[in-house]
Structures are given as structure tokens and as C-alpha cells.
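J.: How does the following fold in three dimensions:
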Amino acid sequence: MQKIRCAWANPANPLYLHYHDHEWGVPCHDERRLFEMLNLEGAQAGLSWETILNKRENYRLAFDNWDAHKIATYDDAKVASLLANPGIVRNRLKVAATINNAKAYLRLCEEKGSLDAYLWTYVNGTPIYNNGERIVTTPLSDQISKDLRKRGFKFVGSTIIYAYMQAIGMVHDHAADCDWHRPV
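T.: Numbering: from 1, shown residues only. So this is what the prediction gives:
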């Protein structure tokens, strides 16, 4: 029996299907993946998520497997090598934002203990289940976006943060007819 998936999950791309079936909407508490997804969602701005997903392994290699301590120390030579790397989106502002976000992330962790602890307090540790409506922002994504910007993060507008909340399972937005719509 063929599975019914959300319409956005490109059936021709195995990476996309795996992402839909095993990651999107699944609560994530892995600190490195939370940091990775925050930056990948920002890198996606103006592009398709599929483009970023197809480059995710290249991003992991280019950004030292999302080690924020290493990323925070990147110098001009490292930035130049990133901007020359065809495996990632070579946008100067997005590369700079990732380095900036590593520094902001480390400060946030000093204050809150972890990105995981910070984020999940917004939903009392429990994902929000929606009815598969097409939502791009909410008052909660507005609030988190505003607070992250105040803390120095870049590429964290409300639309990006809502997509991030979906990606890490803070929000479960599988379409009503999707086989993954039920709570996981």
C-alpha cells in the first residue's frame, strides 16, 4: 500500500522523502541538529528547501559538522573558502550569519543551558499539533524570532522560525490526509 504524504514531499527525491518521513515534525532535542537546522532554515531564505536539503551533507562538511565553537572562530581565510565552495549556498550574508549565529548560540547556551532548553520552554516541552493548515507565521514564531534577533541571531525572521519549528517538531503540521498526520 502506497503511503500518502504531504504534497510538498517530492516523491522523486529520496532525501526529501526521508526528511518528510523521519525528521519533519518529529520532536528534536539533539543540540547539534537544532543548531544545524536553525542555520539551514536561514540559508534557505529565498530558495527552496529541497535545494538546501540536497546540500545538507556539504554544509556539514563545510561547517565542521555544526560545531559552534569552531564556527565562532572562523577567520577571513575560512570565509573565503566557504564562499568558493560550490557545495553550499555561496551568499556572503548567509555565511556571515552562520558565524554570527554560532557566537550568539554560545552566548544563549551560557545563559539558558542549551538551545533545546530555550526553545522547548516556549511550548512547555510538548509539540503543537495543527490540522495541516498552510501557516507561515504565528504569534509564537513572531515572539521567538523577536527574541532571537534581540540575542543577535541573523536570518531568523518569523517565517524562517515557523519553518524551523516545523522542522524540529515543535509544531506538527503534516497535512490532514498525510499518513504522518497523527501524533508521533
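J.: residues contacting the most centrally placed residue in the chain?
T.: Most central residue of the chain, judged by C-alpha distance to the mean C-alpha position with CA atoms, centre = their mean, is residue 37 at 2.7 Å. Listed by CB atoms under 8 Å, 6 or more residues apart in numbering, the contact partners of residue 37 are 28, 164, 167-168. Quick note: C-beta positions are derived from backbone N, CA and C, even for glycine.
J.: Which of those ranks first by neighbour count?
T.: Most neighbours among the contacts of residue 37, by other CB atoms under 10 Å: residue 168, with 27 neighbours.
J.: what about it, distance to residue 128?
T.: According to CB to CB, to the nearest Å, residue 168 stands 12 Å off from residue 128.
J.: Can you tell me which helix or strand of the chain has the lowest average pLDDT?
T.: strand 128-129 (a mean of 92; mean pLDDT, DSSP states H and E).
J.: That strand: partners in the sheet, and parallel or antiparallel?
T.: According to DSSP bridges, strand 128-129 forms sheet pairs with strand 171-172 (parallel).
J.: which residues touch the strand it pairs with?
T.: Outside strand 171-172, the residues that reach it (CB under 8 Å, 6+ apart) are 25, 127-130, 162, 165-166, 183-184.
J.: Please produce CSV containing those, extended by distance to residue 150.
T.: What follows is the contacts of strand 171-172, written out as CSV (distance: CB to CB, whole Å):
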residue, distance to residue 150
25, 28
127, 25
128, 23
129, 29
130, 27
162, 18
165, 18
166, 23
183, 32
184, 32
